[in-house]
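> Let me see the structure of the following:
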Amino acid sequence: APPTKRSSSFNWATTAAAVAAMLLVLSAFTQYGFSVVPSLPDLSKGRIMGQGPFGFRYYLLAALAGGICCSITHGALTPVDVLKTRMQLDPAAYSRGFINGFHQIIASEGAGALLTGLGATAQGYFIQGWFKFGGMEFFKVSFTRHLGDTVAWERRDGIYLVASACAEFIADIFLCPFEACRIRLVSQPDYA
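The predicted structure follows:
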């Protein structure tokens, strides 16, 4: 049966559960000796390869920029995500392409249905972008400090790859509860 028209309310209980899950992950990291937020003295050691200084403000701005940019770009594509999810859930009903799929959703549920899950998407990708971009800079600088300027310059491609993989892994853990919420909002109209 096609989903019915619904109000665009936001489920704060799901958001609270996602935040609680993030806090559990953070506490697990710190419990086993991993520093989630590096100490300020370690961040203010100065310049690396003629650049810097890489202090707390640098990492904070990188994380903030990543959070804002990811939230805006992924939030803007929420209608595409809604249609894609509907096409995956019911390929027979949404088999005539994207444009016809948009018209079909608007006709049956209203234009607001294309923004289903916008809150979870914007929040989730803000957090994911925060950890992805801030984490990438943190890991990149940390690996460079560990290897030294000369070796780091020679292995810069590997450093970028490993730093981005580490940051993306952590960021996606924080994104998962929000993506699950978004998918459930799209697939189960009476959820929120």
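
> Identify each buried residue in stretch 54-66, please.
Residues of stretch 54-66 classed as buried: 54, 58, 59, 62, 63, 66 (neighbour count, 16 or more other Cβ atoms under 10 Å). Glycine gets a C-beta too; all of them are placed from N, C-alpha and C.

> and which of those is nearest residue 153?
Comparing these against residue 153 with Cβ to Cβ places residue 54 closest, at 16.0 Å.

> Please report how far that closest one lies from residue 162.
18 Å (Cβ to Cβ, to the nearest Å).

> Adding pLDDT, distance to residue 144 and secondary structure, write the buried residues of stretch 54-66 out as CSV.
Below are the buried residues of stretch 54-66 laid out as CSV (pLDDT from 0 to 100; distance: Cβ to Cβ, whole Å; DSSP: H, G, I helix; E, B strand; the rest coil):
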residue, pLDDT, distance to residue 144, secondary structure
54, 78, 9, coil
58, 86, 13, helix
59, 88, 14, helix
62, 91, 15, helix
63, 93, 18, helix
66, 94, 19, helix
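
> which two from those residues end up farthest apart in space?
Pairwise distances across the buried residues of stretch 54-66 (Cβ to Cβ) peak at 15.8 Å, for the pair 54 and 66.

> one step back: and of the buried residues of stretch 54-66, the nearest to residue 92?
The nearest member of the buried residues of stretch 54-66 to residue 92, counting by Cβ to Cβ, is residue 66 at 39.0 Å.

> Point out where the protein drops to low pLDDT.
The model of the chain has pLDDT under 70 over residues 1-52, 192.

> Residue 73: what's it in contact with?
By Cβ atoms under 8 Å, 6 or more residues apart in numbering, the contact list for residue 73 reads residue 125.

> How far does whichever helix or strand it is part of sit from its chain's centre?
In this assignment (DSSP states H and E), residue 73 forms part of helix 56-76. On the basis of Cα atoms, centre = their mean, to the nearest Å, helix 56-76 is displaced by 10 Å from the centre of the chain it belongs to.

> How about the helix or strand following it, which residues are buried there?
Of the helices and strands lying after helix 56-76 in sequence (DSSP H and E), the nearest is helix 78-89. Buried residues in helix 78-89, defined by neighbour count with 16+ other Cβ under 10 Å: 78, 79, 81, 82, 83, 85, 86, 87.

> Okay then, goodbye and thanks.
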